[in-house]
Structure formats: C-alpha cells, structure tokens
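Student: my questions are about this predicted structure, shown below with the sequence.
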Amino acid sequence: MADQPKKLHIAMFPWLAFGHIIPYFELAKLIAQKGHKVSFISTPTNIKRLPKLPSNLQPFVELIELPLPHVENLPQNAEATMDIPQHIIPYLKKAFDGLQEPLAKFLESSTPHWLIYDFAPFWLPPITSKLGISSIFFSICSAFGISFINSFGLKSNDKPSFDDDPFNKVVLQHYEDKTMSEDHNEENESGVSDIFRLHQVLGGVDVVAVRTCMEIEAESIRSLQNQCRKPVIPVGLLPPSLYLFSSEVSKDDEDWNTILKWLDEQEERSVIYVAFGSEVALNDEEFTEIAMGLELSGFPFFWVLKKQKSSPDVSSSMETKRGIIWTNWVPQLKILAHKSVGGFLSHSGWGSVIESLQFGCPLIMLPFQNEQGLVARLMEEKMVGIKVPRNEHDGKFTRDSLAKALRSVMMLEEDKGKIIYRNHAEKMSKIFGDKELHQKYTDEFVDYMEIHSPSSKISMLD
C-alpha cells in the first residue's frame, strides 16, 4: 500500500489590513485543500469579518483569535487599517507588536511545521528560531514592489549589484522619493520604521513567497532572490473566484440590485469604475480634481468612495451629471466583471490590479502610497493602462490631466497609431485569469513545504 502524503500544520499571521488578510486567507484555503491543517491567526474582530469558509475546508482551518492590546491614541475596537485614518496606523502597529507574547505562547504549544507571516512582526525571527519552526515571509505585493522597497532602504554598500537589475532603470520623481522615505524609512510612532520591519523579517525567514508568477515578473523575482540570497517562490496571483464571491451577495441585496440596474442601463464598455482602496483618504483638492476630471472625460462612472473627513458630505449614494458616488461596501469583483465597465480608475494596489486584469479591464492609475507607483510603472510597461501625470515636485494632478488619461484608456478604436490599452489588457487576462496556471504555482509552493519540513515533526493527521 502506497504511503499517504505527509500532512503539515501551517500557521499564518497576516498584517492587520484586509488587503493583506484576504490574500493570506485565500492561500490558507488553497493549502487546506491539500489536506493540511492551517491555523489562521488574527484579532477577534478581523476573524469575524472573514468570508465564510466552505464546509469542506472547515475541518482543516482553525481560526485563532488573539485579542489586540490597547494602546494610547488607537480608537477602541479599531483592529484593521480600514478602521482608522492613515496617520493612526503607526499606533495600530504598536498594538500589533503587543501580540508578540501571546503569539509566542501559541506557537510553543501548537508547534506548527511552518509559520507564514507578513512584513510587520520584526520580532518573530528569534521566536521561530528558538522553537525550531520553519518560516516564510509571504508578500502580498508584487515582486517588483517588495524588491524595490527593500533595495530602497538598504545602504549602498549592502546592496548587491547586478547589471540586469530592473531597479537600475528606476528613477523616482522628487515627490515619489519624499513619499517613499516618509512611508518606509522614517521611524514612526510604533517605535521602528517599516523598512526596519521588512529587513528584519527578510533576514530572519527561511523562504520568501510572493503573490506573483514568472509570466509577469520573472526579472523581478530573480532580482529579489539575488537580494535575499534565499529561495523566492511565486505562489501565483491567487485570483479571487467570481463564483465563490457571488455566493456572498444575496439576490435580495438592495444595494447590489440598485448598482446592477444602473450598470445594465449603460452601454457596453462605457463605464469607468473608480475605487482607491480602504486606506487612501482624499483631501478636498484631490476629491474635487477627481470629480471634475471624471465629468470632463465624458464617460459615465461609478465611484466607490471611502468616507472622508474633509470631503463633501456624501450619503450612501449620490448621483451626479454623469455618474454615481457610492460610500457603502460593493462587490468589486462583480462590478469589474460587468459588460458595461470599460476601465478602472484605481490606486494601483496589487490586489486591485489582479482583480481588474483577470477580466481584461484596462487601468487608469493614480497611485498614492507604498509601492503603488511601482506597480503603475510595471503596468504601463505592459501597456495595460496609463498612469495619471502628476507634478514631479509636489505630486499634484489636475482634472485635465486625469480626463485626458481616462479618454486615452477608454478609447475603443485606433486613433493615429495610439495604444489600445483594452487590447493589451484582454491579452493579459489570459495570464491573470488563468486559474489552472496559478493553481500550479500554489501546488508547487505546497510541495516545497512538504519536502522541506523537518522530518521529525511530520505526522499523519486524522
């Protein structure tokens, strides 16, 4: 009788942002499908916010709640970046660091074979080393983004030099350099900088895993491996399933029925979908320029707006001359899949880019923070979208430059040899939307964990 596959216990610990938690949860489900036990660790409120696990996976995924310690300046019940404005996030990181002791106790008592974790817990490498737990840093960012951020924070004498390094060609504009330094290099109220966190994690793990694939980022994956001098494994893009997502939206959902009715009334590929993620907070000037740029473009739009402190008062929805501004939650995947949507005005977060391109929807990119500008450059190179021009010194953009970018991407016919971004996006959807391709990457990642787990810990799980 052939031996049964070895079964593992894998713990997962994402940063407290849903742009991180959801990809970690998707990866957890794919690991569980192989029959391995997964302990998914987060805070109580975030665990309650997770999508429901399919019944066949529930025996394999244990949801572990670690109460978030209270820290001064962090609002009560704030357990994710979506709960707070940008300037409060360092206090969330400080509270997150308070999970060190309870997490160490859990790891000591449960002894997983692997711990997969994020950039934030810089204090984990000594703990996993002491307990003999193999560790993986899983980046939800692109390989290009994480590699550049890591390189950006290294001293010049610490940087490995390679003639074919893609970052040799990257020149940051003044506002990008300033933003990158403020976002990552400077020590914040948590007591350390984000670059310090990332360097400690990258230096202390056994393996680096990235939400990407060789078909999109072969050069950047090799560059990251040269930087880290350890295995870098692409796990695939983890494209979310429209079928599974649809099951979470009831047919009686009044909001979705309202949205669907409006989308159905629009011409095919005529609508600009607008969303900047849960962390981008627009100021008055940015809000006004975007609103006016959308009107000037001449296209209908559906704008999902996170409620802003300083922006005009918008209730759950507001209809303008050409479009709708919506402040409630929406099923983004279902909107991007709708036949009326012809372009996505986005902050170019990696997760949003993946969702858009799996449906062949071209991008109009207005990055605000973190690695978003780097993702926008990568997508411009792939000719699947265009980055909205900004002033190179202060980073400001205008309604006219936005409207021009929108019209360029929404153009349906050839015009004097201009790029048809939609055509390139549709070609790219064959990679971004290829479920079998990305399942193959995930399978190879799980195979790696099975092969390289300490043999003394391997056991047959019932």
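Tutor: Sure thing, it's come through.
Student: strands of the stretch 201-350 of the chain, residue ranges please.
Tutor: Using DSSP state E, counting those that start in this stretch, the strands of the stretch 201-350 of the chain run over 207-210, 232-234, 271-275, 301-304, 317-319, 323-326, 341-346.
Student: and those strands, which one is worst for confidence?
Tutor: The weakest mean pLDDT among the strands of the stretch 201-350 of the chain belongs to strand 317-319, with a mean of 59.
Student: re the thing from before, out of the strands of the stretch 201-350 of the chain, which is the most enclosed?
Tutor: strand 341-346 (a mean of 26; mean count of other Cβ atoms under 10 Å). Just so you know, the C-beta spots here come from the backbone N, C-alpha and C atoms, and that holds for glycine as well.
Student: got the angle between the helix or strand just after that strand and strand 341-346?
Tutor: Beyond strand 341-346 on the C-terminal side, the first helix or strand identified by DSSP states H and E is helix 350-357. Relative orientation of helix 350-357 versus strand 341-346 (axes from the mean of the first three to the mean of the last three Cα atoms, to 10 degrees): 170 degrees.
Student: what does helix 350-357 contact?
Tutor: By Cβ atoms under 8 Å, 6 or more residues apart in numbering, the surrounding residues in contact with helix 350-357 are 19, 22-23, 140-142, 145, 211, 237-240, 275, 277, 332-333, 336, 344, 346, 362-363, 371, 375, 379, 384, 425, 428-429, 432-433.
Student: 7 Å instead, please
Tutor: The contact list for helix 350-357 (Cβ atoms under 7 Å, 6 or more residues apart in numbering) reads 19, 23, 140-142, 145, 211, 237, 239-240, 277, 332-333, 336, 344, 346, 363, 375, 379, 384, 425, 428-429, 432.
Student: so where's this structure shaky on pLDDT?
Tutor: When residues are selected by pLDDT under 70, those of the chain lie in 1-5, 152-185, 242-252, 307-320, 412-418, 455-462.
Student: could you list the domains of it?
Tutor: For the chain, automatic domain parsing gives the domain ranges 9-239+434-455, 247-432.
Student: gap between the shortest one and the chain center?
Tutor: Translated: domain 247-432. 16 Å (Cα atoms, centre = their mean, to the nearest Å).
Student: swap in stretch 93-107?
Tutor: 23 Å.
Student: flag every buried residue along stretch 423-439.
Tutor: 424, 425, 426, 428, 429, 431, 432, 433, 434, 437, 438 (16 or more other Cβ atoms under 10 Å).
Student: nearest spatial neighbour of the third one, skipping sequence neighbours?
Tutor: Pointing back at residue 426 there. Distance criterion Cβ to Cβ, 6 or more residues apart in numbering; nearest residue to residue 426, sequence neighbours excluded, is residue 360 at 3.8 Å.
Student: ok, residue 13 - contacts?
Tutor: Shown in contact with residue 13 (Cβ under 7 Å, 6+ apart): 41, 103, 115, 117, 118, 121.
Student: the second one touches residue 65, doesn't it?
Tutor: This means residue 103. No - between residue 103 and residue 65 there is no contact, the gap being 11.7 Å when judged by Cβ atoms under 7 Å.
Student: what is the helix of greatest length in the chain packed up against?
Tutor: Longest helix in the chain, counting residues (DSSP state H): helix 435-452. Contacts defined by 3 or more Cβ pairs under 7 Å, 6 or more residues apart in numbering; DSSP states H and E place helix 435-452 against strand 232-234.
Student: sheet partners, orientation included, of the strand it packs on?
Tutor: In the sheet, strand 232-234 lines up against strand 207-210 (parallel) (DSSP bridges).
Student: what lies in contact with the strand it pairs with?
Tutor: Here strand 207-210 makes contact (Cβ under 7 Å, 6+ apart) with 136-139, 143, 146, 202, 221, 224, 228, 230-235, 445.
Student: and those residues, which are buried?
Tutor: By neighbour count, with 16+ other Cβ under 10 Å, those hold 136-139, 143, 146, 202, 221, 224, 228, 232-235, 445 as buried.
Student: so which of those is the closest to residue 128?
Tutor: residue 136 (10.0 Å; Cβ to Cβ).
Student: work out for me the element that closest one sits within.
Tutor: Element membership of residue 136 [criterion: DSSP H and E] is strand 134-139.
Student: distance between that strand and the chain's centre?
Tutor: The chain centroid and the centroid of strand 134-139 are separated by 16 Å under Cα atoms, centre = their mean.
Student: which element follows that strand toward the C-terminus?
Tutor: helix 143-153.
Student: tell me where the stretch 351-462 of the chain has strands.
Tutor: Under DSSP E, counting those that start in this stretch, the stretch 351-462 of the chain gives strands at 363-365, 385-387.
Student: report the contact partners of the nearest residue to residue 272 once chain neighbours are set aside.
Tutor: In this structure, residue 272 finds its nearest non-sequential neighbour in residue 301, 4.2 Å apart by Cβ to Cβ, 6+ apart. By Cβ under 7 Å, 6+ apart, residue 301 lies in contact with 271, 272, 274, 294, 322, 323.
Student: repeat for residue 108
Tutor: residue 131.
Student: buried ones in the helix or strand hosting it?
Tutor: Taking DSSP H and E as the criterion, residue 108 maps to helix 100-110. Under the neighbour-count criterion of 16+ other Cβ under 10 Å, helix 100-110 has 103, 104, 106, 107 buried.
Student: enumerate every residue touching residue 115.
Tutor: Contacts of residue 115 by Cβ under 7 Å, 6+ apart are 11, 13, 107, 128, 133, 135.
Student: distance to residue 194 added to the residues you listed, as TSV?
Tutor: Formatted as TSV, those follow (distance: Cβ to Cβ, whole Å):
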residue	distance to residue 194
11	23
13	17
107	24
128	21
133	24
135	19
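Student: would you check that residue 69 makes contact with residue 95?
Tutor: Yes - at 5.4 Å, residue 69 and residue 95 qualify as touching, with contact defined as Cβ under 7 Å.
Student: for those two, work out which one has more neighbours and name it.
Tutor: It is residue 95, of residue 69 and residue 95, that has more neighbours when counted by other Cβ atoms under 10 Å, with 21 against 16.
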